[in-house]
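Novice: next one to model:
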Amino acid sequence: MNISPDELLDTQDDNWSKGKRTWVEEIVFSDNASTISDSVLLDLICNEIRLRENFEPEFLSLGLPERLKEYSKRFPAIAEKLKKQLEFESHLQDEERESSHLSAVPFNYAGGIIDIPNLKDIEEFESGGFGTIYLARQILPDRQVAVKINQTDSRLDELSIRTLHREAQRAAKLRHPNIIEIYEVGKVGNQSYFIMPFIKGGNLKSGKMAFHNDFINISRLMATISRAVSYAHSLDILHCDLKPSNILINEQGQPILTDFGFAIGLMPDNQSFNENNKSEPIDSRAAGETLSSVFGTGGTPEYMAPEQTSGNYQSLSIETDIYGLGYILYELLTGNPPGIRQG
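Specialist: This next block holds a predicted model:
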């Protein structure tokens, strides 16, 4: 039986909260778990560490070297990946501690008022279907950033909100020169937000005419974007909203893929949600259906793959993103979005 990464993480959370210490090895080698990718295994390990910090006071006294020694011994096959991931997590925690003493600046947004520490000079930049982007000045370190506040909806239950936030955290782990870096993923109440660099230079939607009839540069651009999308897929992440306006062009003329606002974790093993699985309903799937009923299956109508227009959350797969890449190529070649012909 295939189990989604979110279902595994939910089981881990629930067991620890009920006082049952369920170690990663028990989850990985359980009868219900199929082959687990390295990225999902890293997620489970990092989640176990967070749970131990909450439920085992003595674990807090262990520094990074001690933690690396323990987990490298337990999971020698991914020791090098584990070292990089734990060092990254430790760096984020250090930044959070450094900025925690800085007071939060409350500001209004479409859903009410939110307080985000370490920011000042906040002003709205643009608004879209999945949220609003603000420009702000980060105090420590001193730099201009973009802040995206995700849209919320009263119909979302606690599990669906947790699923959205978890996918945001997963997308934040992407490290690729052509994918926008996420400095911070935060959550205030039920409201998630991203902090990322502000990229000057516009997007491919507004700059597509620079590629008009330039087939060599179009092919180079699409190859670069495709490699970035393939990298995300290698970490079990779908984008689900590929379109020219979600590709920024930096000052060096390089494409930067952005807006993983509806990024979705792939099922293990088969690279897609198993629509034919007739087992008992699972919580993560129920959360997916709730998200789908509120937000749809991600995407922008004229760039959607057929499975997105049908509203079937469980049918999303890597082919969904490949379809989006094809539509981007179409628009670069014709100058028009898909479905629009010149009169």
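Novice: which non-adjacent residue is nearest residue 9?
Specialist: Once flanking residues are discounted, residue 9 sits nearest to residue 47: 5.6 Å by C-beta to C-beta, 6 or more residues apart in numbering. In short, each C-beta sits where N, CA and C put it, glycine included.
Novice: can you pull the contacts of the one you found?
Specialist: 9, 12, 13 (C-beta atoms under 8 Å, 6 or more residues apart in numbering).
Novice: tell me the secondary structure for residue 260?
Specialist: coil (DSSP: H, G, I helix; E, B strand; the rest coil).
Novice: got a list of what it touches?
Specialist: The contact partners of residue 260, taken as C-beta under 8 Å, 6+ apart, are 168, 171, 174, 232, 237, 239.
Novice: tell me the SS of residue 132?
Specialist: strand.
Novice: what's around it, how many residues?
Specialist: Residue 132 has 18 neighbouring residues, counting by other C-beta atoms under 10 Å.
Novice: is it in a bridge, and if so with what?
Specialist: Listed beta-bridge partners, residue 132: residue 127, residue 149 (assigned using DSSP bridges).
Novice: what are the ranges of the strands in the stretch 1-150 of the chain?
Specialist: 104-109, 112-117, 119-128, 131-138, 143-150 (DSSP state E, counting those that start in this stretch).
Novice: quick one: list the elements packing against the fourth one.
Specialist: Strand 131-138 is packed against strand 104-109, strand 119-128, strand 143-150, with contacts defined by 3 or more C-beta pairs under 8 Å, 6 or more residues apart in numbering; DSSP states H and E.
Novice: residue 67 is in contact with residue 49, isn't it?
Specialist: Yes. Applying C-beta atoms under 8 Å as the test, residue 67 and residue 49 come out as touching, 6.9 Å apart.
Novice: mutual contacts of those two, please.
Specialist: With C-beta under 8 Å, 6+ apart as the test, residue 67 and residue 49 both reach residue 86.
Novice: how far away is residue 322 from residue 204?
Specialist: 18 Å (C-beta to C-beta, to the nearest Å).
Novice: compare these two and say which is more crowded by neighbours.
Specialist: Neighbours per residue (other C-beta under 10 Å) separate residue 322 from residue 204, with residue 204 holding more: 22 against 15.
Novice: for this protein, which spans come out with low pLDDT?
Specialist: 1-3, 31-34, 92-114, 128-131, 150-168, 170, 188-190, 261-299, 312-313, 339-343 (pLDDT under 70).
Novice: for burial, what's the neighbour tally of the closest residue to residue 138 other than its chain neighbours?
Specialist: Leaving aside its chain neighbours, residue 138 sits nearest to residue 145 (4.9 Å; criterion: C-beta to C-beta, 6+ apart). Neighbourhood size, residue 145 [other C-beta under 10 Å]: 20.
Novice: same question, the one 3 residues further on
Specialist: The tally of other residues near residue 148 (other C-beta under 10 Å) stands at 23.
Novice: does the residue nearest to it when sequence neighbours are not counted lie in a helix or a strand, and which?
Specialist: Take residue 148 and drop its neighbours on the chain: the residue closest to it by C-beta to C-beta, 6+ apart is residue 194, 4.5 Å away. Per DSSP states H and E, residue 194 falls inside strand 191-197.
Novice: just the CA trace of that strand, in PDB.
Specialist: In PDB, the C-alpha atoms belonging to strand 191-197 read as follows (Å, rounded to 0.1, in the frame of the first residue of the first chain):
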ATOM      1  CA  GLN A 191      -1.300  32.100   8.600                       C
ATOM      2  CA  SER A 192       1.800  31.000   6.700                       C
ATOM      3  CA  TYR A 193       4.300  33.300   5.200                       C
ATOM      4  CA  PHE A 194       7.500  33.100   3.100                       C
ATOM      5  CA  ILE A 195      10.500  35.500   3.200                       C
ATOM      6  CA  MET A 196      12.600  35.400   0.100                       C
ATOM      7  CA  PRO A 197      15.000  37.700  -1.900                       C
END
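Novice: next, the angle from it to strand 131-138.
Specialist: Interaxial angle of strand 191-197 relative to strand 131-138 (axes from the mean of the first three to the mean of the last three C-alpha atoms, to 10 degrees): 50 degrees.
Novice: packing partners for the next helix or strand after strand 191-197?
Specialist: Next helix or strand after strand 191-197 toward the C-terminus (DSSP H and E): helix 204-207. Counting contacts by 3+ C-beta pairs under 8 Å, 6+ apart, helix 204-207 is packed against strand 247-249.
Novice: what's in contact with the strand it packs on?
Specialist: Contacts of strand 247-249 (C-beta under 8 Å, 6+ apart): 180, 199, 201-204, 207, 225, 255-258, 328.
Novice: buried ones from these, can you make that a PyMOL selection?
Specialist: Applying 16 or more other C-beta atoms under 10 Å to the contacts of strand 247-249, the buried members can be selected in PyMOL as follows:
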select buried, resi 180+199+203+204+225+255+256+257+258+328
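Novice: so what strands line up beside the strand holding residue 194?
Specialist: Partners of strand 191-197 in the sheet, by DSSP bridges, are strand 143-150 (antiparallel), strand 184-188 (antiparallel).
Novice: which residues does residue 225 contact?
Specialist: The contact partners of residue 225, taken as C-beta under 8 Å, 6+ apart, are 178, 247, 255, 257, 325, 328.
Novice: keep only those of those that are in helices.
Specialist: In this view, these that belong to helices under DSSP state H are 325, 328.
Novice: among the contacts of residue 225, find me the one that's closest to residue 136.
Specialist: For the contacts of residue 225, the closest approach to residue 136 (C-beta to C-beta) belongs to residue 257, at 21.9 Å.
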